[in-house]
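> What follows is a predicted structure for the sequence shown.
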Amino acid sequence: MTEFVEVPLKHLRSDLLQALLEEYASRDGTDYGETEVALETKVAQLQALLEQRELVILYETDGEHWDIVSLDR
């Protein structure tokens, strides 16, 4: 059975969080439209949304994969 675990931001070292955000922001399919957005801007936007709990980091224990997902409110 697949289990997803939310990873609290406070449990991640700042350098690891930065690397995760950079990797996520540079994935295929994360374009922001016709206007090019700098990686640093994308990372800052993601970090802000994580801190506001609009997004969370989930870790899938069986496949050892992670993703950033939106919290439906």
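That came through, no problem. Numbers count the residues shown, from 1 in each chain.
> Give the phi and psi angles for the residue nearest the centre of the chain, as a check.
When the chain is reduced to its mean C-alpha position, the nearest residue by Cα atoms, centre = their mean turns out to be I68, at 3.7 Å. As for I68, its main-chain torsions (degrees, to the nearest 10) stand at phi -110, psi 130.
> Was I right to think it contacts E54?
No. Counting by Cβ atoms under 8 Å, I68 sits too far from E54 to count as a contact (10.4 Å). Just so you know, the C-beta spots here come from the backbone N, C-alpha and C atoms, and that holds for glycine as well.
> give me phi/psi at the closest residue to L49 other than its chain neighbours?
Here the nearest residue to L49 in space, its sequence neighbours aside, is L55; by Cβ to Cβ, 6 or more residues apart in numbering that works out to 4.3 Å. According to degrees, to the nearest 10, the main-chain angles of L55 amount to phi -120, psi 160.
> L55 and A48: what is the separation?
Relative to A48, L55 is positioned 9 Å away (Cβ to Cβ, to the nearest Å).
> quick revisit: dump the residue contacts of the residue nearest to L49.
Counting by Cβ atoms under 8 Å, 6 or more residues apart in numbering, L55 makes contact with L46, L49, I68, V69, S70, L71.
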